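Peer 1: I would like the atomic coordinates for the input below:
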Amino acid sequence: MAGRLVIHIGLLAGAYYVVGRIGLELAYLDGAVAALWPPAGLGLAVLFRFGVRLWPGVVIGDLLLGDFSTPLLTVLAQTVGNTLAVVAGALLLRRLTSGRGGLERVGDVLALVGCALVTALVSAAFGPLALRLGDVIGAGELGTVFRTWTLGDAAGVLVVAPVILTWTAHGLPRAITRPRLAEGAVIAVLLVVLSELPPQRDVPYIVFPVLLWAALRFGPRGAAAAVLVVCSITVWNTAQNDGPFVRESITDSLLATQLFIALAAVTSLVLAAMTAELTRAEAAQRALAGEQAALRRVATLVAGDAEPSHVFERVTREVGQLLGVPSASIMRFDDAHTATVVGGWSEEGTPRFAVGERLDLDGDTVVAKVLRSGRAQRVERYDDTTGRLSDRLRGFGYTAAAAAPVRLGGRLWGALAAASAGEDRLPPGLEQRLCDFAELVAQALANADAYEKLAASRMRLVEAADAERRRLERNLHDGAQQRLVTLALQLRLVSGRLERDPAGAREQLAVAEKELAEGLEELRELARGIHPAVLTDRGLGPAVQALVTRAPLHVEVEELPDERLAAPVEAAAYYVVAEAITNATKYAHASNVTVSIRRSNGAATVTVADDGVGGADPVRGTGLRGLADRLDALDGRLEVESPADQGTRLSATIPCP
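Peer 2: Numbers count the residues shown, from 1 in each chain. The predicted structure is shown next:
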């Protein structure tokens with residue numbers, strides 16, 4: 001690491017010296033005055049891009065350029081000032097642009113202009129003063145030298161730094177088409193030709209249309225390159241006492257040239273940044289439209305009651321193709337350490353992780369991080385992660401990944417993950433975009449779960465209805481039906497004895513009357529089990545009181561509604577109380593039950609608690625399952641709290657229309 005740092009410092013020192021020599025060649029009055037100082041731009045850009053720890057390279061290069069015919073302290077002061085200037089400019093530019101160096105935002109370009117002035121002023125605060133203290137310049141020249149020094153360094157930053165910053169921001173272009181290459185060549189030729197036209201004082205900015213063309217068509221890189229070409233030619237011509245910026249005095253020539261440099265650089269870079277921002281906005285709009293279309297396609301699939309496996313396949317394919325990642329997967333968490341792949345897509349055709357494969361979530365893979373945190377996560381590089389799963393991912397060529405949690409019913413169900421390969425970086429905001437698709441996955445799972453529960457509920461209702469019909473049939477056959485048959489036989493016997501044995505007929509009529517009364521009572525009991533008449537006639541309160549009266553254990557009614565409720569609500573509440581008392585008697589072995597029914601906030605809340613053995617399970621209990629189905633039909637819910645040896649508490653919430 002230290003050896004590499006030394007090499008980089010040496011390269012910077014060499015580059016600093018070379019561009020410094022070029023700057024001296026472009027200077028006026030045999031190198032005494034420079035319209036722009038390229039090392040200022042080189043130093044700021046290199047320290048910004050590769051780190052301020054390379055500052056010794058600036059020191060070495062500046063000392064190599066020093067004029068040692070002047071006092072040594074003057075040379076050292078100038079070197080200190082130049083070094084501090086580029087370090088301050090680089091740090092300030094990094095702070096203002098948040099590390100962005102592509103100059104693709106207007107704010108970043110303006111930040112560069114400000115940093116160019118800061119760099120120039122810091123350097124000018126040392127250089128001219130050192131020259132004066134060393135008696136290199138007179139007291140009357142200090143102001144002029146300060147101004148020239150400041151403008152020269154600022155111009156150097158505006159001309160040289162953008163080229164380095166823009167062309168190192170995203171690497172070299174991957175592919176340039178022949179038409180684009182030809183267009184760039186035409187622009188370069190026009191810039192050189194127009195810059196070399198005979199002096200035209202009336203139109204010194206004749207190259208501006210071509211500069212704007214380069215900015216519009218080739219963005220910040222094209223603008224920076226065009227400005228470098230034009231300004232270099234302009235400064236060279238003016239130094240050779242040629243071109244549209246030659247004036248009667250060297251000071252006027254300098255000011256005219258530097259004004260041109262500033263206008264050309266700022267105009268071109270700002271226009272290029274505006275073009276880049278517009279291009280990004282259009283790309284973002286297209287990406288958003290594509291994402292919305294993909295979400296609509298998945299949402300349509302989900303709304304169409306598609307199988308979850310089909311939804312998983314479609315979601316991973318949409319995610320991979322939309323976000324430009326080589327792989328996407330959906331995994332279901334099995335426990336705290338494993339997950340099962342339930343859906344996958346790969347640009348290669350066959351997913352690396354097969355559907356149904358079970359994975360150990362060891363190490364710091366992105367899915368493991370989602371499992372531990374319950375939030376969307378990303379892993380920028382898998383190089384530093386450990387574990388067998390990380391080794392497999394690296395073996396597949398995956399270098400980074402992001403994942404979003406999939407929640408079902410408030411609990412963490414699984415994760416939707418997308419991986420990148422090679423040197424491709426994960427796009428910003430990828431986690432949130434994955435979350436949007438993860439919500440659709442959760443909705444598909446919720447739909448499937450709801451359909452399964454609905455089917456099971458319907459099956460239980462059918463079974464309950466069949467069982468109830470059999471019970472009614474059995475009760476009628478064994479009870480009231482037998483009594484009615486017996487009554488019919490007795491009446492037939494009475495009919496035969498009326499004339500010959502009136503006394504015996506009267507006795508049989510008395511027996512028949514008793515049988516009839518008992519049969520009617522059995523029918524009333526049977527009808528009460530189906531739907532108690534008192535509930536219809538008098539309401540929930542009297543019906544519950546009737547239940548309490550017949551209960552074989554102590555039941556305390558704490559609260560009942562004063563007003564009548566809707567008939568379905570009253571029926572549901574009645575059967576919750578009836579089932580709870582029955583369970584407390586038959587299974588809980590309770591000695592005391594409390595009942596509370598209250599209406600508030602648009603819902604009736606039924607609470608029944610006992611002091612029995614607990615352990616009630618709605619999954620195994622058909623009665624409780626039937627109550628839950630009945631409440632589901634009214635958009636209500638049933639909650640059961642039944643810890644072992646601590647009693648049972650049923651709480652039903654029923655919306656009241």
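Peer 1: Contact partners for the residue nearest in space to the middle of the chain?
Peer 2: The centroid of the chain falls nearest to Gln432 when counting by C-alpha atoms, centre = their mean (1.4 Å). By C-beta atoms under 8 Å, 6 or more residues apart in numbering, Gln432 lies in contact with Ala376. C-beta coordinates here come from the backbone N, C-alpha and C atoms, glycine included.
Peer 1: Next, please give the residue ranges for the helices of the stretch 151-300 of the chain.
Peer 2: 178-195, 208-239, 250-303 (DSSP state H, counting those that start in this stretch).
Peer 1: Where does Ala510 sit, in terms of helix or strand?
Peer 2: Using DSSP states H and E, the element containing Ala510 is helix 502-530.
Peer 1: what packs against the helix or strand following that helix?
Peer 2: Once the chain leaves helix 502-530, the next helix or strand it forms, by DSSP H and E, is helix 533-538. Helix 533-538 is packed against helix 540-550, helix 567-586, with contacts defined by 3 or more C-beta pairs under 8 Å, 6 or more residues apart in numbering; DSSP states H and E.
Peer 1: packing partners for the last one?
Peer 2: When contacts are defined as 3+ C-beta pairs under 8 Å, 6+ apart, helix 567-586 sits against helix 533-538, helix 540-550, strand 592-600, strand 603-610, helix 622-633, strand 648-655.
Peer 1: for the last one, which positions count as buried?
Peer 2: To tie it back to what came earlier, the one meant is strand 648-655. By 16 or more other C-beta atoms under 10 Å, the buried positions in strand 648-655 come out as 648-654.
Peer 1: Thr275: which of these is nearest?
Peer 2: Nearest to Thr275 among the buried residues of strand 648-655, counting by C-beta to C-beta, is Thr653 at 60.2 Å.
Peer 1: Surely the closest one touches Ala603?
Peer 2: Yes - at 5.3 Å, Thr653 and Ala603 qualify as touching, with contact defined as C-beta atoms under 8 Å.
Peer 1: Please enumerate the shared neighbours of these two.
Peer 2: What both Thr653 and Ala603 touch, as defined by C-beta under 8 Å, 6+ apart, is the set Gly636.
Peer 1: before we move on, back to that, quick check: which element contains the residue nearest to the centre of the chain?
Peer 2: helix 430-475.
Peer 1: Asp67 now?
Peer 2: Applying DSSP H and E, one finds Asp67 in no helix or strand.
Peer 1: these two touch, right, it and Gly127?
Peer 2: No - in this structure, Asp67 is not within contact of Gly127 by C-beta under 8 Å, at 11.3 Å.
Peer 1: Compare the two and say which is more crowded by neighbours.
Peer 2: Higher neighbour count among Asp67 and Gly127: Gly127, with 24 against 12, using other C-beta atoms under 10 Å.
Peer 1: For the nearest residue to that one once chain neighbours are set aside, which residues are in contact?
Peer 2: Nearest residue to Gly127, sequence neighbours excluded (C-beta to C-beta, 6 or more residues apart in numbering): Gln78, at 4.8 Å. With C-beta under 8 Å, 6+ apart as the criterion, the residues that contact Gln78 are 62, 66, 126-127, 130-131.
Peer 1: quick one: which two of those residues are the most distant?
Peer 2: Asp62 and Leu131 (14.8 Å).
Peer 1: what ranges of the stretch 501-650 of the chain fall below the confidence cut-off?
Peer 2: 505, 512, 515, 517-533, 619-622 (pLDDT under 70).
Peer 1: one more time with 90
Peer 2: For the stretch 501-650 of the chain, the stretches with pLDDT under 90 are 501-591, 599-603, 612-647, 650.
Peer 1: Pull out the buried residues from stretch 341-354.
Peer 2: 341-346, 351-353.
Peer 1: average pLDDT across stretch 88-95?
Peer 2: Taken as a whole, stretch 88-95 has an average pLDDT of 93.
Peer 1: Give me the neighbour count for Thr605.
Peer 2: For Thr605, using other C-beta under 10 Å, the count is 17.
Peer 1: Does it touch Cys656 like I think?
Peer 2: No - checked against C-beta under 8 Å, the pair Thr605 and Cys656 is beyond contact range at 10.1 Å.
Peer 1: okay, and the common contacts of those two?
Peer 2: With C-beta under 8 Å, 6+ apart as the test, Thr605 and Cys656 both reach Arg599.
Peer 1: And the residue nearest to the centre of the chain, what's its pLDDT?
Peer 2: Confidence score, pLDDT, at Gln432: 79.
Peer 1: The one 3 residues further on now?
Peer 2: Per-residue confidence at Cys435 stands at 81 (pLDDT).
Peer 1: and if you look at Val52?
Peer 2: pLDDT, Val52: 90.
Peer 1: For Leu158, give its distance to Pro38.
Peer 2: 11 Å (C-beta to C-beta, to the nearest Å).
Peer 1: can you check Ser390 too?
Peer 2: From Ser390 over to Pro38 (counting by C-beta to C-beta), the distance is 47 Å.
Peer 1: Next: Ser329.
Peer 2: Taking C-beta to C-beta as the measure, Ser329 falls 52 Å from Pro38.
Peer 1: that older thread, quick one: the residue nearest to Gly127 is in a helix?
Peer 2: Yes - secondary structure of Gln78 (DSSP: H, G, I helix; E, B strand; the rest coil): part of a helix.
Peer 1: Distance of it relative to Glu559?
Peer 2: Taken as C-beta to C-beta, the span from Gln78 to Glu559 is 92 Å.
Peer 1: re the thing from before, Pro220: which of the helices and strands packed on helix 533-538 is closest?
Peer 2: Closest among those, once you apply C-beta to C-beta, is helix 567-586, at 69.3 Å.
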